[in-house]
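Chemist: quick one, structure for this:
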Amino acid sequence: MLRSNRRLKKRHGKAYVIKEENVMCAICRESWVDKNPRILPCQHTFCLECLENVPVNYSKIKCSLCRFECNLPGDQVANLHKPYFLSSFERVEVNNDLCPIHNEEKILFCQSHNIENLCLQCHDENHSSCKIILMTALKKRKDVIRKCLASEQKILDSSLREIEQCQKELILKLQNDFKFVKEKMKDTIKKREKILKTSLLWLNNGKDFFDFVTSFSNNQPKFKLVEGLNWKYEIENDEYLSEFTQKSLDFSKNCSSARLVNQIRKKLEQNQFIEKIVLSENCNRLNDFKDICQELAKSSDTLREITVTGCDLIAEQLYEIGNLLISCSKIEKIKLIGNVARSSSNTLSRRLSVLRRLSALRLLSAQQSRETTMEDATEVLCQGLYFSAATLKEIHISACRLNGNHCIQIGKLLEKCFNIKILNLSYNKDIKDGIENICSGLLNSANTLMEVDFSNCSFDEEIQMEIYNYLWHCPNLAQILLGSD
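Modeler: Sure thing, here's the model as predicted:
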């Protein structure tokens, strides 16, 4: 650990700690403090040895981080300035081997929560069901990763140099080609000019002369790019990444056994760029569903579409979906069709922990004394979708036994959305008491709304007219389904 002597003197014995990663060389991925570092004009600092291995072109060197090109004083990397604050560092030993809570040796790493330096008592109290490895094993893995990252950086630098060289060669070839075309056009025009001038000598008849000039003018040379600027390239072994960058995964009917669930979990662990996930027709695998949602959260930056149909979800599973949605901000489509959510006696405490993460939600003390219900699940689900209100386009919650209270929560969600295209609440026969909330919320998406499906919802003519009075303002609405049973 490093601290600053300069600040130590000025602040009456207080030391300022600097993390090792803040003094790490981007080339070798190690601390540059003890490696005679040099700082570039772009203010990025590297080990002297690493900079000496960076190619120098015409007394100039490129920063490996920002690609800024700067001049080398005296054509030598060693002539670059050292970081002005380097002399204020001194290395001190800090005893970080004991857990500050239990005063036991910190020897474990939790892979499930990405927490380092756990003691055995920390493991027993909070991480007994997690994936655990020793800190010594973690250090070895980090060393391997650090070397791989350094190798990746070298590959990138080398590849960029090759690409830049190819770019120069291609530009030079194109310049030569266009130079040749220009000369060709000049030569063609000179020949035409000569033919026109000599036509006076071999065309005696006036009619023939004017016919010739007309025909000659109508056949002017024109430049035309026949094949375009096509060039071929290939990045070798790029297909290797496809196993780790799959955008769409369909696990329908694949949760029937622990073995299949482990395969799914492994697939999700390896892929952190998932855009679409389908988990349809998988019933009653509660614990596995929780793990799957936790792994999906790693793709929160890219996840856009979630389909969970025909799963007969219980309330706790809906909470896991809501908890997943909290971490997402780009959901465009959610499809929960044919899920008759049921209450679970173990969900109340989980419900409270999820809802506490949602600062906009106020809980009544009376709610803590009763078993959780589908209303609670819908509330959490809609609160999670709030975070994707700017991108949400399709909502399908069909045949889920929704009622008026559920519609109130869905209506609040729709009030925050402005890009809804499709809303499907079909086969929910008890939503008539909340239809006003739904339609009122949909007005915020009046310019984008294209389809509304309320079929088989047992609406009478009065409710159908109410829906019409709300939605006639939507200029792009192509279809309203209000079919009866």
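Chemist: following the lengthiest helix in the chain, which helix or strand comes up?
Modeler: Counting residues, the longest helix found in the chain (DSSP state H) is helix 135-202. Next helix or strand after helix 135-202 toward the C-terminus (DSSP states H and E): helix 206-218.
Chemist: other SSEs contacting that next one?
Modeler: Other elements packing on helix 206-218 under the criterion 3 or more Cβ pairs under 8 Å, 6 or more residues apart in numbering; DSSP states H and E are helix 135-202. Yep, even glycine has a C-beta here, placed from its N, CA and C like the rest.
Chemist: by how many degrees do the helix it packs on and helix 206-218 diverge?
Modeler: 170 degrees (axes from the mean of the first three to the mean of the last three Cα atoms, to 10 degrees).
Chemist: for helix 135-202, which helices and strands make contact with it?
Modeler: Contacts defined by 3+ Cβ pairs under 8 Å, 6+ apart place helix 135-202 against strand 108-110, strand 115-118, helix 206-218.
Chemist: out of the ones you listed, flag the one nearest residue 138.
Modeler: Closest of the helices and strands packed on helix 135-202 to residue 138 is strand 108-110, at 4.4 Å (criterion: Cβ to Cβ).
Chemist: enumerate every residue touching residue 404.
Modeler: Neighbouring residues of residue 404 by Cβ atoms under 8 Å, 6 or more residues apart in numbering: 430, 431, 432, 433, 434.
Chemist: my error: substitute residue 382 in the last question.
Modeler: 409, 410, 412, 413.
Chemist: hang on, the third one packs against residue 441?
Modeler: Yes: between residue 412 and residue 441 there is a contact at 7.1 Å, judged by Cβ atoms under 8 Å.
Chemist: higher neighbour count, the two?
Modeler: residue 441 (22 against 16; other Cβ atoms under 10 Å).
Chemist: quick check: which element contains the nearest residue to that one once chain neighbours are set aside?
Modeler: Distances taken as Cβ to Cβ, 6 or more residues apart in numbering put residue 414 closest to residue 441, at 2.7 Å, once the chain neighbours are dropped. Taking DSSP H and E as the criterion, residue 414 maps to helix 404-415.
Chemist: in that helix, which residues are buried?
Modeler: By neighbour count with 16 or more other Cβ atoms under 10 Å, helix 404-415 contains the buried residues 405, 406, 407, 408, 409, 410, 411, 412, 413, 414, 415.
Chemist: average pLDDT across the next helix or strand after it?
Modeler: Sequence-wise, the next helix or strand downstream of helix 404-415 (DSSP H and E) is strand 422-424. Averaging pLDDT along strand 422-424 yields 94.
Chemist: partners of strand 422-424 in the sheet?
Modeler: Sheet pairing of strand 422-424 (DSSP bridges) gives strand 394-396 (parallel), strand 451-453 (parallel).
Chemist: sorry, back to before: of all the helices and strands packed on helix 135-202, which gets the most neighbours per residue?
Modeler: Of all the helices and strands packed on helix 135-202, strand 108-110 has the most neighbours on average by mean count of other Cβ atoms under 10 Å, namely a mean of 21.
Chemist: check which helices and strands that one sits against.
Modeler: The contact analysis (3+ Cβ pairs under 8 Å, 6+ apart) places strand 108-110 against strand 115-118, helix 120-126, strand 132-134, helix 135-202.
Chemist: now do the buried residues in the second one.
Modeler: Across helix 120-126, burial judged by 16+ other Cβ under 10 Å covers residue 122.
Chemist: outside of that helix, which residues touch it?
Modeler: Outside helix 120-126, the residues that touch it by Cβ under 8 Å, 6+ apart are 99, 101, 102, 104, 107, 108, 110, 130, 132.
Chemist: which residues touch residue 86?
Modeler: By Cβ under 8 Å, 6+ apart, the contact list for residue 86 reads 33, 37.
Chemist: picking up where we left off before, with pLDDT, distance to residue 387 and neighbour count as extra columns, can I get the contacts of residue 404 in TSV?
Modeler: As requested, the contacts of residue 404 are exported to TSV (pLDDT from 0 to 100; distance: Cβ to Cβ, whole Å; neighbours: other Cβ atoms under 10 Å):
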residue	pLDDT	distance to residue 387	neighbour count
430	87	28	15
431	89	25	24
432	86	30	19
433	87	28	13
434	88	23	21
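Chemist: so which two of these are the farthest from each other?
Modeler: For the contacts of residue 404, the farthest-apart pair by Cβ to Cβ is 430 and 434; their separation is 8.9 Å.
Chemist: what do those two both touch?
Modeler: In contact with both residue 430 and residue 434: 403, 404, using Cβ under 8 Å, 6+ apart.
Chemist: what are the ranges of the helices in the stretch 201-350 of the chain?
Modeler: Secondary structure of the stretch 201-350 of the chain (DSSP state H, counting those that start in this stretch): helices located at 206-218, 258-270, 286-296, 315-326, 348-356.
Chemist: can you give me the domain boundaries for the chain?
Modeler: 1-94, 149-218, 245-359+371-481 (automatic domain parsing).
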